[in-house]
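1. Model the following, please.
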Amino acid sequence: MVLSDKDLKKALKTKKIVIKPAPDLKTQLGSCSIDLRLGDVFRIFDYSRYPYIDPSKKDYSNEITKVIKLKDGEKFIMQPGDFVLAVTLETVKIAPNLMGRLEGRSSLGRLGLVVHSTASIFDPGWDGKPVLELGNLGRMAISLTCGMRICAMTFEQLSSNAQNPYTKKKQAKYAFQKGPDESKIHEER
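-> A predicted model of the protein is given here:
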């Protein structure tokens, strides 16, 4: 069951969902979602140095990407075909009996901007900054600004508490992340 605006307010009040900084419910609360805002840290790929990506190579992803931080008022320009990782301004913590789902905003999708390639689900017990897998599918560049509403998160009630919430898992590669961490697929066995 997806939580309604009424249930989202209750979950925020009871701390089943913790969002920091606290969202402005007048502008960020939808009928069944909470808008999250774009942060100021991006991980971009250095396409010119490597001919391909080898996901099995230890820490290779960190070699072929670099982190940039926007200065106040600076814009991030997504060129057509670009793919970058970014984070939301908000940190989100989810109770073990809820899951989150990250969705794009229609107004940005109509410009060609997608906010996730595959990672839309946030497991019960998630705690960290949601990472956005931003792609510009359009033919024109898109200007992004820190603080703009970039995505919406919905929350669903589980039938019971998860026995193994995300932050308790040994293999939770992205628990408590604060930035757009590189892929850690090389840690899988």
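2. State the pLDDT value of residue 51.
-> Predicted confidence (pLDDT) for residue 51: 78.
3. what does residue 171 give?
-> For residue 171, the model assigns a pLDDT of 67.
4. surely residue 30 meets residue 5?
-> Yes - with contact defined as CB atoms under 8 Å, residue 30 and residue 5 form a contacting pair (6.8 Å). Any C-beta I mention is one placed from the backbone N, CA and C, and that applies to glycine too.
5. Show me what residue 41 bridges to in the sheet.
-> Residue 41 has these beta-bridge partners by DSSP bridges: residue 69.
6. Begin at 803, not 1, for the rest of this chat.
-> OK, 803 is where the count begins now, so the last one is residue 843.
7. wait, it sits on residue 888?
-> Yes - in this structure, residue 843 is within contact of residue 888 by CB under 8 Å, at 6.9 Å.
8. Show me which of those two is the more surrounded one.
-> residue 888 (27 against 19; other CB atoms under 10 Å).
9. which SSE is that one in?
-> Element membership for residue 888 (DSSP states H and E) is strand 885-890.
10. shaky segments in the chain?
-> The chain contains residues with pLDDT under 70 at 860-864, 967-991.
11. so where do the strands sit in it?
-> Along the chain, the stretches classed as strands by DSSP state E are 819-822, 836-847, 867-871, 877-880, 885-890, 893-896, 900-906, 915-916, 923-924, 929-930, 933-938, 944-947, 951-959.
12. Just send these back as TSV, with distance to residue 811 too.
-> As requested, the strands of the chain are exported to TSV (distance: least, CB to CB, whole Å):
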stretch	distance to residue 811
strand 819-822	10
strand 836-847	10
strand 867-871	33
strand 877-880	32
strand 885-890	20
strand 893-896	16
strand 900-906	14
strand 915-916	28
strand 923-924	19
strand 929-930	21
strand 933-938	25
strand 944-947	28
strand 951-959	12
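13. Tell me how far residue 853 lies from residue 883.
-> For residue 853, the distance to residue 883 equals 17 Å [CB to CB, to the nearest Å].
14. And the two? Which one has more around it.
-> Counted by other CB under 10 Å, residue 853 and residue 883 do not tie: residue 883 has more neighbours, with 10 against 6.
15. Spit out the contact partners of that one.
-> residue 938 (CB atoms under 8 Å, 6 or more residues apart in numbering).
16. any idea how far it is from residue 929?
-> 33 Å.
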